[in-house]
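1. Test case, fold it:
(one chain, ligands or ions: 1)
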Amino acid sequence: MARKRRELAVRPPMAPRPRPAPRDFAGALIAKVPGRPVSVIAEVKRKSPSGGAFPHADVVAVARAYEAAGASAISVLTDGPDFGGGLEDLVAVRAAVSVPVLRKDFLVAAREVEESALWGADAVLLIADALEDGELREMVVAAREVRVAALVEAHTEAHAERALAAGAELVGINNRNLATLKTDTGTALRVMPRLRSRSRALVAESGLKTLADLLAAREAGADSVLVGESLLREPEPGRALRRLLGVEAS
Ligand SMILES: O=C(O)c1ccccc1NCC(=O)[C@H](O)[C@H](O)COP(=O)(O)O
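-> Okay, the predicted model is just below:
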């Protein structure tokens, strides 16, 4: 986040560009699909600090396969140094699929939320644990003003409460502790039941690998799950998503 703040301080404002009509990210998360325990936000990234490199450089091909396999939305990592992504990936994936697209990055200012809309993001990820209350509130307000959905992520119940106090309607509970990179899939299961009645949609994030994980997430109140690594480790991520959803045998 310190690196992102330094970069932003010297980056000139983005030139205006025509924005594509936004797609309904919240609606996609909460829409019930017969036979599916929860909706899936399927993630594309070339590498990650905890997972190393993934064997799929063509994120557009993976995103298309995810959509064909039933993903309700696609998460695109736009961070370069840690995830091998960029805004060009967001633009290319958005043009290649018809489901909503989430910009996943370490955003630190309202200005970046506004710019994300111009790049075509239907939703942005905001990380409560890494933002001050005032920053988070400003970014949630900016998202509402430019009609981009804000998925506000927290790792602990305390940060989830801060997300709700900042006006978040879509709350993600990240099973991964971003300080240690350790993942415990029990985290979202413990925190989500306390948030159920106060959020429009709940998303369990990280470390999810099996249909049983998805069923447990639903039981704890999740509308949706965010899944990357367990799909990207497989030779065919689209087939892996179908297996995860239980529509194709393992
Ligand atoms: O994944 C990491 O190593 C990581 C490191 C530092 C900050 C964020 C990180 N990941 C972001 C995520 O939480 C995941 O990309 C997302 O929830 C999907 O998780 P997974 O299914 O485990 O790839």
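
2. Can you name the residues of this protein sitting close to the ligand?
-> 43, 48-51, 174, 176, 178, 181, 205-208, 226-230 (CB under 6 Å from any ligand atom). The way it works is simple: take the backbone N, C-alpha and C, and place the C-beta from them, glycine included.

3. at 5 Å what do you get?
-> With the criterion set to CB under 5 Å from any ligand atom, the chain comes near the ligand through Ser48, Pro49, Ser50, Arg176, Leu178, Glu205, Ser206, Gly207, Leu226, Val227, Gly228, Glu229.

4. which one of the residues you listed sits closest to Pro34?
-> Lowest distance from Pro34 to the residues of the chain next to the ligand (CB to CB) belongs to Val227, with 20.0 Å.

5. and the gap between the spatially most central residue of the chain and Ala166?
-> The centre of the chain sits closest to Ser75, judged by CA atoms, centre = their mean, with a distance of 5.0 Å. With distances taken as CB to CB, to the nearest Å, Ser75 is found 21 Å from Ala166.

6. Kindly report the same for Ala95.
-> In terms of CB to CB, Ala95 sits 32 Å off from Ala166.

7. Compare these two (neighbour count), which wins?
-> Using other CB atoms under 10 Å as the criterion, Ala95 and Ala166 rank with Ala166 on top: 21 against 11.

8. The more buried one reaches Ala128, doesn't it?
-> Yes: assessed by CB atoms under 8 Å, Ala166 is found in contact with Ala128 at 7.4 Å.

9. Find residues that contact each of these two.
-> By CB atoms under 8 Å, 6 or more residues apart in numbering, Ala166 and Ala128 have these common neighbours: Leu136, Val152.

10. Just give me the neighbour total for Glu135.
-> 17.

11. what does the model give it for pLDDT?
-> In this model, Glu135 is scored at 97, pLDDT.

12. That one contacts Leu107, doesn't it?
-> No: taking CB under 8 Å as the definition, Glu135 is not a contact partner of Leu107, at 9.6 Å.
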